[in-house]
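Undergrad: need a 3D model of the sequence below.
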Amino acid sequence: MWLATNSKNGISSYELARALGITQKSAWFMLQRIRLAMQTKTFSRLSSEVEVDETYIGGKARNMHAKDRERKGIKGAAMAGKTPVLGMIERSSRTRWTP
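TA: Numbers count the residues shown, from 1 in each chain. Predicted structure coming up:
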């Protein structure tokens, strides 16, 4: 989002894809959502009760071919070579689950 909002003349999906290391199709989809949120002014801070979860996406190093491990520089650490992913969602007080 920072790349899209802080470029003077806008940013293309190709440029965003190169900067983030994702496909052009994914970058285009993200830009469409960012531009829509900017147009409708739906950017708002998360408030009240917020759930946050994180994980690391990627295969186990032991399942990779030895040449792939060497090329990526993975030495066997648990999170090496994986992509961190963070998710957040705002929960309203009306739909609160109680055990």
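Undergrad: only the buried residues of the least confident helix or strand in the chain by mean pLDDT, if you could.
TA: Taking mean pLDDT, DSSP states H and E as the measure, the chain has helix 66-72 as its least confident helix or strand, at a mean of 80. For helix 66-72, a neighbour-count test (16 or more other CB atoms under 10 Å) marks Arg69 as buried. Any C-beta I mention is one placed from the backbone N, CA and C, and that applies to glycine too.
Undergrad: give the pairing partners of the following helix or strand past that helix; include direction for each.
TA: Remark: after helix 66-72, the chain's next helix or strand is strand 83-91, criterion DSSP states H and E. Using DSSP bridges, the strands paired with strand 83-91 are strand 49-57 (antiparallel).
Undergrad: just to revisit the earlier point, centre of the chain to the least confident helix or strand of the chain, how far?
TA: 25 Å (CA atoms, centre = their mean, to the nearest Å).
Undergrad: CA-only coordinates of it in PDB, if you can.
TA: The C-alpha atoms that make up helix 66-72 are tabulated as PDB, following Å, rounded to 0.1, in the frame of the first residue of the first chain:
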ATOM      1  CA  ALA A  66      19.700 -30.200  -2.300                       C
ATOM      2  CA  LYS A  67      20.500 -27.800  -5.200                       C
ATOM      3  CA  ASP A  68      17.400 -25.700  -4.400                       C
ATOM      4  CA  ARG A  69      18.400 -25.500  -0.700                       C
ATOM      5  CA  GLU A  70      21.900 -24.400  -1.800                       C
ATOM      6  CA  ARG A  71      20.600 -21.900  -4.300                       C
ATOM      7  CA  LYS A  72      18.200 -20.300  -1.800                       C
END
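Undergrad: thank you kindly, that will do.
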